[in-house]
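Trainee: Sequence and predicted model, in that order:
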Amino acid sequence: MGVVLTPSVARVVNQGRVARLATADRGGQPLVVPISYASNGRHCYSVVDLKPKQVDGARLKRIRNIQENPKVSLLIDHYEEDWSRLSYVIIQSRAELLSEGDEFRDAVELLLAKYPQYRAMALDRERGIMIKMTPERVIEWRATPAEHA
């Protein structure tokens, strides 16, 4: 299940440094948070890392929302003062939580390769909380498609 990312979307996903993750609880109340993420071309991953949080990782609202409602959206955007260069990709996905195993370890390796901050943070390769997002629909928009293709 899931959609294959086109080369132009994959480029945006791989070059992006921060995304916004939108989740909603059972009642539909939305929450949007900035995240770091990595992709293997089929899935996007984001880990609950050691940056300071107000609550334990398992009690984060985004995690509880995913447990109640696995439909999420990931927004990766590019902003410049020259609005003819604006662009974004929205990846509507089905999320699930990983806590250990081969896929968890592979996702940690993707994140370690993308973010030197995670190497300094010494992410646990064996267990934790990883959000796995399987794309179901992709929306790509560019202010001037010909210039950015």
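Mentor: That came through fine.
Trainee: Residue 127 contacts residue 104, doesn't it?
Mentor: Yes. Residue 127 lies in contact with residue 104 (Cβ atoms under 8 Å); the separation is 7.2 Å. Just so you know, the C-beta spots here come from the backbone N, C-alpha and C atoms, and that holds for glycine as well.
Trainee: between those two, which one's more packed in?
Mentor: Between residue 127 and residue 104, counting by other Cβ atoms under 10 Å, residue 104 is the more crowded of the two (22 against 13).
Trainee: what's the distance between that one and residue 68?
Mentor: Residue 104 sits 22 Å away from residue 68, going by Cβ to Cβ, to the nearest Å.
Trainee: now residue 10
Mentor: Per Cβ to Cβ, residue 10 is found 30 Å from residue 68.
Trainee: One more: residue 3?
Mentor: In terms of Cβ to Cβ, residue 3 sits 24 Å off from residue 68.
Trainee: Could I get the full set of helices for this protein?
Mentor: With helices called from DSSP state H, the chain shows them at 7-15, 61-68, 102-114, 116-121, 145-148.
Trainee: Quick check: mean pLDDT of the shortest one?
Mentor: Looking back up the chat, that one is helix 145-148. Taken as a whole, helix 145-148 has an average pLDDT of 52.
Trainee: One more: the third one?
Mentor: The average pLDDT for helix 102-114 rounds to 96.
Trainee: returning to that earlier point: and residue 3 and residue 68? Which one has more around it.
Mentor: Set residue 3 next to residue 68 and count neighbours by other Cβ under 10 Å: residue 3 wins out with 15 against 12.
Trainee: So for the more buried one, what's the nearest residue that isn't a sequence neighbour?
Mentor: Distances taken as Cβ to Cβ, 6 or more residues apart in numbering put residue 135 closest to residue 3, at 5.0 Å, once the chain neighbours are dropped.
Trainee: try residue 111
Mentor: Nearest residue to residue 111, sequence neighbours excluded (Cβ to Cβ, 6+ apart): residue 38, at 4.8 Å.
Trainee: mind checking how far residue 128 is from residue 47?
Mentor: Residue 128 sits 6 Å away from residue 47, going by Cβ to Cβ.
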